[in-house]
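A.B. asks: Fold the following, please.
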Amino acid sequence: MPILQYPIATEKVLNMVESQNIIAYVVDMHADKPSIKKEFESTFKVKVKSVNTHTSPDNTKRAYIQLAAGFPASDIAKKLKLV
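C.D. replies: Numbers count the residues shown, from 1 in each chain. Reported below is the predicted structural model:
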């Protein structure tokens, strides 16, 4: 099963893309932060500053991936057709 499953495209997340340079993804329940970071960097050819995870009550794991300076999250959002 892939680590990165699908991006989250809510209004809140789209605001985070613009204001905090963050992309949100639903990820595999067993994925850890270093593996999420490695997979995201290799898939999108960017540098990741940090990864925060959250397990929601509906039993999905979300990763909030903050990109390093010089790698705009809005470019990734455009590639994923979120905006």
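A.B. asks: what kind of secondary structure is the closest residue to I22 other than its chain neighbours in?
C.D. replies: Spatial nearest neighbour of I22, chain neighbours left out: M16 (4.3 Å); criterion: CB to CB, 6 or more residues apart in numbering. For every residue, glycine as well, the C-beta is placed using N, CA and C. Reducing the assignment at M16 to three states with DSSP: H, G, I helix; E, B strand; the rest coil gives helix.
A.B. asks: what's the answer for V26, then?
C.D. replies: With three-state DSSP as the basis, V26 sits in strand.
A.B. asks: what about it, neighbour count?
C.D. replies: Using other CB atoms under 10 Å, V26 is surrounded by 15 other residues.
A.B. asks: need the contact list for the residue nearest to it when sequence neighbours are not counted.
C.D. replies: Excluding the flanking residues, the one nearest V26 by CB to CB, 6+ apart is Q5, at 4.7 Å. Residues in contact with Q5 (CB atoms under 8 Å, 6 or more residues apart in numbering) are 25-28.
A.B. asks: Who wins on neighbours among these?
C.D. replies: Neighbour count (other CB under 10 Å) singles out V27 as the most crowded of the contacts of Q5, with 25 neighbours.
A.B. asks: Run a quick check on I65 versus I36, I expect a contact.
C.D. replies: Yes - I65 lies in contact with I36 (CB atoms under 8 Å); the separation is 7.1 Å.
A.B. asks: Looking at these two, which one has more neighbours?
C.D. replies: A count of neighbours by other CB under 10 Å puts I65 above the other of I65 and I36, at 28 against 22.
A.B. asks: who does the one helix or strand the residue nearest to V26 maps to pair up with?
C.D. replies: Per DSSP states H and E: Q5 is located in strand 4-7. Here strand 4-7 is paired, per DSSP bridges, with strand 22-27 (antiparallel).
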